[in-house]
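Engineer: Generate a structure from the sequence data that follows.
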Amino acid sequence: MTSQSSATQLNGKPEMASFSVLSAEEPPSLWTELTSTIKTAVSPCGSKPNYSILQCTASAFKGLFPILNWGRKYDLKSFRRDLLAGLTIASLGIPQSIGYANLAKLDPQYGLYTSVVPPLIYAVMGSSNELAIGPVAAISLLLSSMIQKVVDPSVDPTTYTKIAFTATFFAGIFQSAFGLLRLGFLVDFLSHAAIVGFMGGAAVVIGFQQLKGLLGISHFTNNTDVVSVSKAVISALHESWHPENFFLGCSFLIFIMITRFIGRKNRKLFWLPAIAPLISVVLSTSIVFLTKADKHGVKTIQHVKGGLNQSSVSQLQLNGLYAGESAKIGLICAIVALAEAIAAGRSFAAIRGYQLDGNKEMMAMGFMNIAGSLSSCYVATGSFSRSAVNFSAGCKTPISNVVMAITVFLSLEFLTRLLYYTPYSILASIIISALPNLIDVSEAYHIWEVDKMDFLACIGAFLGVLFGSVEIGLVVAMVISFARILLSSIRSRIEILGRIPGTDIFCSTRHYTMATRTHALLVARIDTSFLCFTNANFIRERITRAIKEEGSIEEKGEERIHSLVIDMSNVMNMDTSGIAALEEIYKNLASIGIQVAIANPGLQAVHKMKLSKFVERIGEQWIFLTVSEAVEACLDFRKSNAC
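Structural biologist: Numbers count the residues shown, from 1 in each chain. All right, here's what the predicted structure looks like:
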């Protein structure tokens, strides 16, 4: 767009200059934009037409497998760092994986399986150097809470497990599709505030649910809301329970928390809280074995199936009774898993000064969950706690995930028999020790101070998870977020502008007291990017009210406003309702002798105004590139009419 002069006059009207805001090229059609987006998304050389097929193929493989880029520079020094980091996160991941499988209402080996195949896939496809892959608490809770509404795991564990694998398969399909079609914005529907509230609520619910293992309760509710869990705990305490479980679990919980405190005080001892869960498992298992405590009420894991991941291809239920429910569960898990992983990955990437490609992460997450669903794994994602340990251990590349996966595999091969005497109370204490990382009170307070509506989404998600269910918490947060977007769209602000003395800059008189209004002229800015059916009527009413407040309709004295300049620099596009609102403003003001000028509309907005013939009605000479040009033209027009 180029500028338009308004200095010369012709028959009382400003004469068009040779260049105009209306001379800009027409925007691409909807079909052109759509095909271009698909071409760019599907073809790695969509924006590089001069590339050969070989170059495009090489570019595609490098994009899909980042290991081809950094692998050429990989050296022994980096491997030593990754080896240490991998062994460290494995020592934390092995007991956590067993505990999270229990939280997901699956057999312990499935948690270990999920720490083998997905990390290997991510190592060659992921773009984060620090992200540690495996099962996580929030996804385990989400999966169990939704599948339990379809099948009770205590009644039909086989079908329950099949649905978990099928939901994982669908989660991988959705995640891959999001990455392939560049739909990363879908993850942003879960705002930062909503995630903070959701994680906090999930942590509280998970903590209450772990009371089953910590207290050694046999019969417990399948509901996830805090009221049902509290009732189940109170009921169980009135029946026979074994306090040995509680004392054993609490003792090691205190031990884990002490090591975490030491690790925070001395950064060189970062490895101590990382291996504390593994030490707890070894010591508690030894205590139970030596004292025969399992014969006196201490509940243990007992059998854990070892060996390589079993194929689960035949267990996927892609059609039939549970296919639809599995797809719905998979979609919700896919979005939440991506939100958690990308948030964690971006946090550590920012610290180390590199960018994380969200779409590549989606592709990596998708493929690893598809592969996982075929090899007896449930939904895996990036764990913030294990990623923090991975980062502290000095990992250099995703090879640390490979080291962790190999370590877990060796444990499956040789150590599962030793887990027979591992008490459930220890797994509960390990999970409870990880929950404080999910509850970010300081961040919630920061959200409250900065944005009250964001805090409403945060507290809505928290209370929804706490007193409803995980799905209700997510729905409440998303409804509040969408309501805020809709409210902002409907009640778009109209700012009255004034000139900064000595300049051609116009800004809000409400924000800048030094900005002065132009005599007998009103400049109004529309603060919305899309003038559409949701806000068109509101904007029309606000502009009309602003004119009335200036006395232009009622008063006929010399102070009467003679012109209105509408600054549309923020308006990128509009629909027919927006055009109708502009036409009504123009028609009403023209009937009482007020001239309307428009400044700097967006390319799509200009195109729509041309197609609707609005440009012809208002006159091409009254559409300008800048507010100052529009103001000068209106003042000159007023002078010429006065003469």
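
Engineer: Please enumerate the strands of the stretch 451-600 of the chain.
Structural biologist: For the stretch 451-600 of the chain, the strands defined by DSSP state E, counting those that start in this stretch cover 493-499, 506-508, 521-527, 530-531, 563-567, 573-574, 595-599.

Engineer: Mind giving me the packing neighbours of the fourth one?
Structural biologist: Same thing as strand 530-531. strand 573-574, helix 576-591 (3 or more CB pairs under 8 Å, 6 or more residues apart in numbering; DSSP states H and E). Bear in mind the C-beta positions are built from the backbone N, C-alpha and C, glycine included.

Engineer: Please enumerate residues in contact with it?
Structural biologist: By CB atoms under 8 Å, 6 or more residues apart in numbering, the surrounding residues in contact with strand 530-531 are 489, 539, 568, 571-575, 578, 581-582, 605.

Engineer: at 6 Å instead, please
Structural biologist: Contacts to strand 530-531, defined as CB atoms under 6 Å, 6 or more residues apart in numbering, come from residues 571, 573-574, 578.

Engineer: Just checking: what are the partner strands of that strand?
Structural biologist: When pairing is defined by DSSP bridges, strand 530-531 lines up against strand 573-574 (parallel).

Engineer: Report the rounded mean pLDDT for the partner strand.
Structural biologist: Across strand 573-574, the average pLDDT comes to 92.

Engineer: if we can go back for a sec, out of the helices and strands packed on strand 530-531, deepest packed?
Structural biologist: Among those, the stretch with the highest mean neighbour count (mean count of other CB atoms under 10 Å) is strand 573-574, at a mean of 24.

Engineer: buried sites along the helix or strand hosting L272?
Structural biologist: In this assignment (DSSP states H and E), L272 forms part of helix 271-291. Buried residues in helix 271-291, counted by 16 or more other CB atoms under 10 Å: 271-281, 284-285, 287-288.

Engineer: Specify which member of those residues is nearest to G382.
Structural biologist: A274 (16.7 Å; CB to CB).

Engineer: In contact with that closest one, which residues?
Structural biologist: Contacts for A274 were tallied using CB under 6 Å, 6+ apart; they are 88, 91-92, 389.

Engineer: For L589, which non-adjacent residue is closest in space?
Structural biologist: Counting by CB to CB, 6 or more residues apart in numbering, L589 lies nearest to V596, which is 5.6 Å off, once chain neighbours are set aside.

Engineer: count of neighbours near the one you found?
Structural biologist: By other CB atoms under 10 Å, the residues close to V596 number 21.

Engineer: Could you list the low-pLDDT ranges of the stretch 51-200 of the chain?
Structural biologist: For the stretch 51-200 of the chain, applying pLDDT under 70 flags the ranges 51-52, 55, 184-190.

Engineer: what number of residues lie near G306?
Structural biologist: G306 has 15 neighbouring residues, counting by other CB under 10 Å.

Engineer: Look up phi and psi at the closest residue in space to it that isn't next to it in sequence.
Structural biologist: Closest residue to G306 apart from its sequence neighbours, by CB to CB, 6+ apart: T416 at 3.6 Å. Main-chain torsions, T416, degrees, to the nearest 10: phi -70, psi -30.

Engineer: Was I right to think T416 contacts G307?
Structural biologist: No. Checked against CB atoms under 6 Å, the pair T416 and G307 is beyond contact range at 8.2 Å.
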